[in-house]
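S.K.: next one to model:
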Amino acid sequence: MQNWTNNQTSNMADGLKVHEYTVSEISREINRTMERGFPMVRVKGEVSDLSRSPRGHLYFTLKEDNHALSAIMWSSTANRLGNKLGSILKEGSEISVLGKVTTFSGTSRYQIMVNDLDFAGEGAILAKIEELRTRLTQEGVFSWQKEEELPLFPSIIGVITSPTGSVIRDILHRLNERFPRQVIVWPVAVQGDNCPPEVVRAVEGFNALLPDGEIPRPDLIIVARGGGSFSDLVGFNDENVVRAVALSEIPVISAVGHETDHTLIDLAANKRAPTPTAAAEFAVRVRAELEGGIKNLENRISEGTRIAFQNKRQRISDVSKRLPIKENLFQFRDQQLDGLYLRLPRALRSNIQHKATNLSECGARLAVPRVLFESKYKFQALDKGLSSTNLNSRVASGEERLEAKGLLMEKYIKAYLKSRKLNIKSLKRIIEGVGYKNTLKRGFTVVRQDNMAITSKEGFQIGKDAEIEWSDGKVKFPS
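M.R.: Take a look at the predicted model:
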């Protein structure tokens, strides 16, 4: 056995001189070779097996089909990347990392030490779309169109889509089923590099048309595209397309992709439709339903009018029944007038007699009746000296003056009597207010001895019978 081993070693040495490394030496040499060959590289792959060590280091694997590359990010790098790291480095996300390839001698495996990372593929596009959405939201772009409502009955509908394919056929078919309208198609590329500029020109072109021009301006615009991959719909996330739709004076319905697809144009449009067919349904109502609704409304108006007139006629009939007959109404008034006519002379005589009586009573109560007598004597004296020609007029004039003075005197007497009555009432209220009976009602008492009210302590005689009076009675007691 010993001889065979020595012979083998000798033969290997004689045939080829090979440097012998220790394990640690060869590991260090491989590491230096890797770092010199790949000082800084960018690698794209899908994240898997993501984990974080207690010290904050991140470990994960970049996968592509059946290939895998281990990756490590030191805690210092992770802290430096901050929020960016949390939004990008996720299980299953496609990323691109920047770093240098090195080996780990403990397991003889190579790995990449990550210094920076970013989205890759669709992830990179999504990141740019999200950045654009945030910026446009802050500008208020997505709120420009929201106050504009869709027209209730658009006469002309503009459709921006591919002129071939199922989308335009579905829209036209659905419109004809529901409510046929005039449709103007503006053909555009719905994917690829030409899509954004052509859609922008179409939106701006429709807005530039005149309502009464050779090609009339539409009342509503539908931007439509069928389903597709994420990359097929990228054109409808273009900033210029979004701004053109947001600035459109004509209301816009966005119908891009399937129900699960979402683009930035959806946020800028007045309304988002999940499919092109749904966009046609949003654009117009069903004609038969509208006609049925109008007919139903006409019937309701007619029935309501009939019932209203019927109620009015019934009310008029009820009121007319309660009105008195015209002949009876005038007959009653005639009777009233006749009665008043018959009672009028008697009432006048009674009133004159009453006034004369009042005048006589007032004259009797006058404090200066002598004036009347003197006037009477003067009139008698004058009567003797008057001629028969002036007698009647002088007498009449005197009677008028006498009557006027009597009326004035009567007025003064009534006022005087009224004033006296008021004074008496006032004095009565004062007397009642200060009377001791009212005072007793307020909780006071009267103490009497020998029927005399005791008004002080010194006036009370001990040993004599006394009487106490309250508002509701008296009590006698021996003291």
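S.K.: all contacts plus neighbour counts: C-alpha atoms, from now on.
M.R.: OK.
S.K.: by mean pLDDT, flag the weakest helix or strand of this protein.
M.R.: helix 2-15 (a mean of 45; mean pLDDT, DSSP states H and E).
S.K.: helices and strands around the helix or strand just after that one, which ones?
M.R.: Downstream of helix 2-15, the first helix or strand assigned by DSSP states H and E is helix 23-37. Judged by 3 or more C-alpha pairs under 8 Å, 6 or more residues apart in numbering; DSSP states H and E, the packing partners of helix 23-37 are strand 94-104.
S.K.: parallel or antiparallel, list what pairs with the helix or strand just after the strand it packs on.
M.R.: On the C-terminal side of strand 94-104, the nearest following helix or strand under DSSP H and E is strand 109-119. The strands beside strand 109-119 in its sheet (DSSP bridges) come out as strand 67-73 (parallel), strand 94-104 (antiparallel).
S.K.: strand 109-119 vs helix 23-37, what angle?
M.R.: 30 degrees (axes from the mean of the first three to the mean of the last three C-alpha atoms, to 10 degrees).
S.K.: I'd like the average pLDDT over strand 109-119.
M.R.: Mean per-residue pLDDT for strand 109-119: 88.
S.K.: give me the contacts around it.
M.R.: Residues from elsewhere that reach strand 109-119 (C-alpha atoms under 8 Å, 6 or more residues apart in numbering): 69-74, 77, 81, 85, 88, 93-104, 124-125, 127.
S.K.: and for stretch 144-158?
M.R.: The set of residues external to stretch 144-158 that reach it, using C-alpha under 8 Å, 6+ apart, is 181-186, 206, 216-222, 246-248, 251, 268-270, 283-285.
S.K.: now do the strands in the chain.
M.R.: Under the criterion DSSP state E, strands of the chain are mapped to 41-52, 58-64, 67-73, 94-104, 109-119, 156-161, 182-187, 220-225, 252-256, 271-272, 446-449, 452-453, 465-470, 473-478.
S.K.: chain center to the first one, what's the gap?
M.R.: On the basis of C-alpha atoms, centre = their mean, to the nearest Å, the separation between the geometric centre of strand 41-52 and that of its chain is 52 Å.
S.K.: give the buried residues for that strand.
M.R.: For strand 41-52, burial by neighbour count (16 or more other C-alpha atoms under 10 Å) applies to 43-48, 50.
S.K.: and stretch 53-71, by the same measure?
M.R.: Applying a neighbour-count criterion of 16+ other C-alpha under 10 Å, one finds 57-63, 69-71 buried in stretch 53-71.
S.K.: export stretch 202-221 as PDB, just CAs?
M.R.: Backbone C-alpha positions of stretch 202-221 (Å, rounded to 0.1, in the frame of the first residue of the first chain) are rendered in PDB as follows:
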ATOM      1  CA  ALA A 202     -58.200  62.900 -31.500                       C
ATOM      2  CA  VAL A 203     -59.400  64.400 -28.200                       C
ATOM      3  CA  GLU A 204     -58.200  67.800 -29.100                       C
ATOM      4  CA  GLY A 205     -59.600  67.500 -32.700                       C
ATOM      5  CA  PHE A 206     -63.100  66.600 -31.500                       C
ATOM      6  CA  ASN A 207     -63.000  69.700 -29.100                       C
ATOM      7  CA  ALA A 208     -61.900  71.900 -32.000                       C
ATOM      8  CA  LEU A 209     -64.900  71.000 -34.200                       C
ATOM      9  CA  LEU A 210     -67.800  73.500 -34.500                       C
ATOM     10  CA  PRO A 211     -71.300  72.400 -33.500                       C
ATOM     11  CA  ASP A 212     -72.700  73.500 -36.900                       C
ATOM     12  CA  GLY A 213     -69.600  72.700 -38.900                       C
ATOM     13  CA  GLU A 214     -69.300  70.300 -41.800                       C
ATOM     14  CA  ILE A 215     -68.300  67.600 -39.300                       C
ATOM     15  CA  PRO A 216     -70.400  68.500 -36.300                       C
ATOM     16  CA  ARG A 217     -68.900  68.600 -32.800                       C
ATOM     17  CA  PRO A 218     -69.900  65.500 -30.700                       C
ATOM     18  CA  ASP A 219     -71.800  65.900 -27.400                       C
ATOM     19  CA  LEU A 220     -69.900  63.000 -25.900                       C
ATOM     20  CA  ILE A 221     -66.600  61.200 -26.400                       C
END
